[in-house]
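**Student:** Following is a predicted model, sequence given first.
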Amino acid sequence: MGLSRRDLLKLSGAAAAAIGAAGCSQMGLGPDEEEMTNVGSVGVGTEAALPKTGAPRVVVVGGGWSGLTVAKYVKKYAPNADVVLVEQRGEFMSCPVSNLWLVEAVELDFLIHDYLQAARENNYTFFNATVVGVDKAKRTVMTSDGDLTYDYLVLAPGIDYDYSGWTKDPALERRLRTEYPAGFKPGSEHLTLRNKVLDFEEGNFILTVPGGNYRCLPAPYERACLIADYFKKEGIEGKVVLIDENDDITIKAEGFHSAFEKLYKDYIEYHPGTKIATFDLDKKEVMTDYDDVIAFEDAAFYPHVRGGKILEVAGVAKDSIFNKMEADINVLTYEVNGHPEIYCGGDVRPMGFSKSGNTANTEGVYIAKRIAAKINGEEETPWESPLTICYSAVASDPVLAISINAGYAYDAKAKRFTFANVYTNETWDGRVGINNGRGLMEWAKGMYRDMFNA
């Protein structure tokens, strides 16, 4: 089993999102000639072929949930702005809802969307190129297809992976990335993982849950449920072995534990508070920090995450309490410290908010309001809480789901954020679960409309 030729053609662009900004030759690229030579990109040093409008230019780097939202809403709130969205991929592929695609519960068309459509309908420019450098002094973004000057810059590149907690060996890291990709960066990783699941015959399929604040807290547990569901329906004598660095399920624990026990008791083996100590990929074995050896037939190893490496290239990264190299920003304004004309949004921000699509979308609206206020000469928008609305499927036919709806509050005295107005619905069975499943699909359709339509 696998993808049809039609699906492969549709996915080709998304799967080609190879290394992008992570391929920069060094950190902190500046404007001098030696550094430009090291980048080795033919477009650098030439002006990008875009019309000159004379309007304030807002360059948004990254076409994920945050970047798409910022681009749309800056143009909405400041129609005179010249908004340019820079993205290396030719089309958008959604990470949210992709777990259902892995087990053939939704079509690929549901995940893939058209950047050009979004740009046309919302009257901004889609610039298909890879960012290779940022000169903050000259307010210039260097790309593979020429340089872009900016008045305001938004960096929303999403996550990269951090394998350093598992290995310092580049050869092992490369094998983990290519043979057992995590599947939390849209494109080739998802294609590989889908084929792993659909071609699986028997034995252990290892999934891991990293520590820290990783992309989409419930997603590894959702993925475990849906793969177990697929094994169960197909009569595959397989088991999902879920190795979780956290002491317990990080979110929606009641709902997931209930699904593990009632639906997948014979198909999911859960190891909380456990970390992989060593890998033997030739023998297909891992050893945990409890000295347990677990054999596997296949796997998707999800390491810790870090901010996209373009933050280092731009010189706006620092370690946070959660992860390495996230954005060095004012946590209430999203402005880079020392550079109020630069903003960072989405999964690179250092706060403990969920690294999820809905969170990034609502943050994007807020960032857009702040930038538009500056362009329009208006009073700046006070801090607005992002909103985390997240549905997680635990079964695929029909789709049964659980959900959470949460905001955040800022404690100025303690200088920290806490959850606020949290509502969870962790009932997945019966009519409630079916309604949650319908809610998941309608939520996704609504989010796609918000990002891609006028």
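**Tutor:** Right, received. Where do you want to start?

**Student:** Tell me, please, where in the stretch 151-300 of the chain the pLDDT is lower than the cut-off.
**Tutor:** Within the stretch 151-300 of the chain, no stretch falls below the threshold (pLDDT under 70).

**Student:** where along it do the strands fall?
**Tutor:** Chain-ordered strands for the stretch 151-300 of the chain, with DSSP state E, counting those that start in this stretch as the definition, fall at 152-155, 159-162, 202-209, 237-244, 268-271, 276-280, 285-288, 293-295, 298-300.

**Student:** The fifth one pairs with which strands, parallel or anti?
**Tutor:** Translated: strand 268-271. strand 237-244 (parallel) (DSSP bridges).

**Student:** rewinding a little: mind putting the strands of the stretch 151-300 of the chain in CSV, distance to residue 396 and mean neighbour count included?
**Tutor:** Backbone N, C-alpha and C define where each C-beta goes, glycine included. As requested, the strands of the stretch 151-300 of the chain are exported to CSV (distance: least, C-beta to C-beta, whole Å; neighbours: other C-beta atoms under 10 Å):
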stretch, distance to residue 396, mean neighbour count
strand 152-155, 36, 28
strand 159-162, 26, 22
strand 202-209, 16, 20
strand 237-244, 14, 21
strand 268-271, 15, 20
strand 276-280, 28, 15
strand 285-288, 28, 16
strand 293-295, 26, 14
strand 298-300, 18, 22
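
**Student:** Among these, which comes closest to residue 416?
**Tutor:** Across the strands of the stretch 151-300 of the chain, the minimum distance to residue 416, taken as C-beta to C-beta, is reached by strand 159-162, at 22.3 Å.

**Student:** which residues are contacting the longest helix along the chain?
**Tutor:** With DSSP state H applied, the helix covering the greatest number of residues in the chain is identified as helix 430-452. By C-beta atoms under 8 Å, 6 or more residues apart in numbering, the surrounding residues in contact with helix 430-452 are 65, 68-69, 72, 92, 94, 96-97, 110, 113-114, 117-118, 121, 357-358, 361, 389, 391-395, 398-403, 425, 427-428.

**Student:** how distant is stretch 251-258 from the center of its chain?
**Tutor:** Offset of stretch 251-258 from its chain centre (C-alpha atoms, centre = their mean, to the nearest Å): 22 Å.

**Student:** Touching it from outside, list them.
**Tutor:** Here stretch 251-258 makes contact (C-beta under 8 Å, 6+ apart) with 217-218, 221-222, 225, 249, 354, 390, 392, 394, 402-404, 424, 426-428.

**Student:** thinking again about what came up before, show only the entries of the contacts of helix 430-452 found in helices.
**Tutor:** With helices defined by DSSP H, the entries of these inside them are 65, 68-69, 72, 117-118, 121, 357-358, 361.

**Student:** Quick one, which of the residues you listed are buried?
**Tutor:** When burial is judged by neighbour count using 16 or more other C-beta atoms under 10 Å, the buried members of the ones in helices among the contacts of helix 430-452 are 65, 68-69, 72, 118, 357-358, 361.

**Student:** residue ranges for the helices of the stretch 151-300 of the chain, please.
**Tutor:** For the stretch 151-300 of the chain, helices defined by DSSP state H, counting those that start in this stretch occupy the ranges 170-179, 188-199, 219-234, 253-262.

**Student:** Next, format those helices as TSV and append distance to residue 136 and mean neighbour count.
**Tutor:** Written out in TSV, the entries for the helices of the stretch 151-300 of the chain read as follows (distance: least, C-beta to C-beta, whole Å; neighbours: other C-beta under 10 Å):
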stretch	distance to residue 136	mean neighbour count
helix 170-179	31	14
helix 188-199	32	20
helix 219-234	34	24
helix 253-262	43	18
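
**Student:** mind checking which of those is nearest residue 281?
**Tutor:** helix 170-179 (5.6 Å).

**Student:** Quick one: distance of stretch 229-247 to the chain centre.
**Tutor:** Averaged C-alpha coordinates place stretch 229-247 at 23 Å from its chain's average position (C-alpha atoms, centre = their mean).

**Student:** So that it lines up with my notes, have the first residue be 37 from now on.
**Tutor:** Yep, numbering from 37; the last one is stretch 265-283 now.

**Student:** Could you give the separation between the terminal residues of that stretch?
**Tutor:** The separation between the terminal residues of stretch 265-283, taken as C-alpha to C-alpha, to the nearest Å, is 24 Å.

**Student:** Which neighbouring elements make contact with the helix or strand harbouring residue 112?
**Tutor:** Residue 112 belongs to helix 101-113 when assigned by DSSP states H and E. Using 3 or more C-beta pairs under 8 Å, 6 or more residues apart in numbering; DSSP states H and E as the contact criterion, the secondary-structure elements in contact with helix 101-113 are strand 93-97, strand 118-123, helix 151-158, helix 393-412, helix 466-488.

**Student:** so of those, which one's packed in deepest?
**Tutor:** When the helices and strands packed on helix 101-113 are scored by mean count of other C-beta atoms under 10 Å, the highest mean neighbour count falls to strand 93-97 (a mean of 28).

**Student:** Cool, thanks, talk later.
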